[in-house]
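**Q** After the sequence you'll find the predicted model.
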Amino acid sequence: MVRLQNQFLENSPFAGDGTMVAVELPEPDVQIITSDGRSIPAHSRILASASPVVERLIARPQKRRSSDRKIHILGVPYDAVFLFVQFLYSSKCDKEHMEKYGIHFLALSHVYFVPQLKQKCIGGLAEQLTIENVVDILQLARLCDAPDLYLKCLKLLSNNFNTVEETEGWKFLQNHDPRLELEILQFMDEAESRKKKTRRHREEQSLYLQLSEAMDCLEHICTEGCTSVGPYDTDPSKNKGPCSKFSTCHGLQLSIKHFATCERRVNGGCLRCKRMWQLFRLHSSICDQTDECRVPLCRHFKLKVQQDRKRDDAKWRLLVRKVVSAKAVYSLSLAKRKSEDELRATTNYYRMGSFEI
Ligand SMILES: [Zn+2]
Ligand SMILES: [Zn+2]
Ligand SMILES: [Zn+2]
């Protein structure tokens, strides 16, 4: 046994208290040979306990009889190998070193199966991702079986594809790994269609919420009355100011007025009347009141449904279901609505009860 101040132990937990900078260790019994021919002396037992792959390498029978075993770690700069071996001794790695050699550490920790270092590399590299290095790190993450890092790279790449496309890394990949290029392009394609689907879903939800709000307003107009339309038996002079959903309510009031006075009506091809007609029908499909409901045409549609049960309209039932469920989440959601205020406001109060059915 010799009293050795080992270079790898400078950063080891033993050095932390400032008193035990020297530790009793046997003579190094293994040499790590790097690409530039330099060698790093180390202790086989320590390396073997930190890496099962190194353990197997050490256990291999030697070709030549020699006092020192040799392990070649090639293709990685000397400093990176040195720091890697230091990690095997101390389980520590500086942030500064991670920034400089993170890519090499990831490869080494994967090949020599050092999960603790690999996890540190995945976290460190994820923080260091840039447009310039994303393609290199993506390729490495794929080779080193680091799916989280790979996905992070893919997302950054697809969100910035126009700039990544100009980098040397991307051009290299295009020339040398067309299969990976295809994989990336497919991911981007799928991400785009996912985005489209979400957008479409959001638009649909917004429409159902608008309809649900229109249903609330319709009931409110027909039972209490709002600014310019109300039930025939309410006194317009006692009417309140604009309600809380006035942007929808106001447009609806104008449409009701139009519906009552329009000469073309539904059969005459008036689109506005047709829409109003459908809103009345929708109300009737949702309405659970019996004879007391004051919404025009409610009874009419209910009777019609009873008479005409066979003509079951699946599309319509689906619409009703969606509006009902949108109504249920209405209090939790704030849907963006297009203001319907483009309709010209009129000041005359309109009494209901004079609809012709
Ligand atoms: Zn109102
Ligand atoms: Zn009309
Ligand atoms: Zn009703």
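**A** Ah, there it is. Residues are numbered from 1 along each chain as shown. Ligands and ions are numbered 1, 2, ... in the order given.

**Q** going forward, measure contacts and count neighbours with C-alpha atoms only.
**A** Will do.

**Q** Check the secondary structure at the residue in the stretch 1-150 of the chain that ligand 2 sits nearest to for me.
**A** Across the stretch 1-150 of the chain, the shortest distance to ligand 2 (Cα to the ion) belongs to residue 131, at 57.3 Å. The three-state label for residue 131, taken from DSSP: H, G, I helix; E, B strand; the rest coil, comes out as coil.

**Q** residue contacts, the nearest residue to it once chain neighbours are set aside?
**A** Leaving out its chain neighbours, the residue that sits closest to residue 131 by Cα to Cα, 6 or more residues apart in numbering is residue 164, at 5.7 Å. Residues in contact with residue 164 (Cα atoms under 8 Å, 6 or more residues apart in numbering) are 131-132, 135, 157, 170.

**Q** burial of the residue of the stretch 1-150 of the chain closest to ligand 2, as a residue count?
**A** 17 (other Cα atoms under 10 Å).

**Q** Which stretches in the stretch 201-350 of the chain count as strands?
**A** Assigned by DSSP state E, counting those that start in this stretch, the strands in the stretch 201-350 of the chain fall at 229-230, 350-351.

**Q** comparing those strands, which gets the lowest mean pLDDT score?
**A** For these, the bottom mean pLDDT is recorded on strand 350-351, which sits at a mean of 58.

**Q** measure stretch 24-42 end to end?
**A** 14 Å (Cα to Cα, to the nearest Å).

**Q** quick one: buried residues of it?
**A** 28, 30-34, 39-42 (16 or more other Cα atoms under 10 Å).

**Q** Tell me how far that stretch lies from the chain's centre.
**A** If you compare the mean C-alpha spot of stretch 24-42 with that of the full chain, they lie 48 Å apart, counting by Cα atoms, centre = their mean, to the nearest Å.

**Q** Then stretch 175-189?
**A** For stretch 175-189, the distance between its averaged C-alpha position and the chain's averaged C-alpha position is 21 Å (Cα atoms, centre = their mean).

**Q** Check what contacts it and list those residues.
**A** Stretch 175-189 is touched from outside by 154, 158, 173-174, with contacts defined as Cα under 8 Å, 6+ apart.

**Q** which among those end up buried?
**A** The buried subset of these - by 16+ other Cα under 10 Å - is 154, 158, 173.

**Q** I'd say the first one and residue 139 touch.
**A** Looking back up the chat, that one is residue 154. No: Residue 154 is not in contact with residue 139 according to Cα atoms under 8 Å; the separation is 10.2 Å.

**Q** Kindly provide the distance from the residue of the stretch 1-150 of the chain closest to ligand 2 to residue 122.
**A** In this structure, residue 131 lies at 17 Å from residue 122, with Cα to Cα as the measure.

**Q** just residue 315 next, same as before
**A** Between residue 315 and residue 122 the distance, using Cα to Cα, works out to 50 Å.

**Q** Between those two, which is the more surrounded one?
**A** Taking residue 315 and residue 122 together and counting by other Cα under 10 Å, residue 122 has the greater number of neighbours (22 against 9).

**Q** residue contacts, that one?
**A** The contact partners of residue 122, by Cα under 8 Å, 6+ apart, come to 106, 146, 149.

**Q** and the helix or strand where the first one lies, what's its mean pLDDT?
**A** In other words, residue 106. Here residue 106 sits within helix 95-111, counting by DSSP states H and E. Model confidence over helix 95-111 averages 95 on the pLDDT scale.

**Q** swap in stretch 317-332?
**A** Per-residue pLDDT values across stretch 317-332 average out to 77.

**Q** now stretch 269-282
**A** When the per-residue pLDDT values of stretch 269-282 are averaged, the result is 90.

**Q** now do stretch 214-227
**A** Average pLDDT, stretch 214-227: 90.

**Q** Stretch 231-251 now?
**A** Mean pLDDT, computed over stretch 231-251, is 77.

**Q** So that stretch, near ligand 1 or not?
**A** Yes: residues of stretch 231-251 contacting ligand 1 under Cα under 5 Å from the ion: 243, 249.

**Q** Any idea how far apart the tips of that stretch sit?
**A** Terminal residues of stretch 231-251 are spaced 17 Å apart (Cα to Cα).

**Q** got it, and stretch 257-274?
**A** The stretch stretch 257-274 measures 14 Å between its terminal residues, going by Cα to Cα.

**Q** how about it: buried residues?
**A** Under the neighbour-count criterion of 16+ other Cα under 10 Å, stretch 257-274 has 257, 259-260, 265-266, 273-274 buried.

**Q** of the residues you listed, closest to residue 24?
**A** Lowest distance from residue 24 to the buried residues of stretch 257-274 (Cα to Cα) belongs to residue 274, with 93.1 Å.
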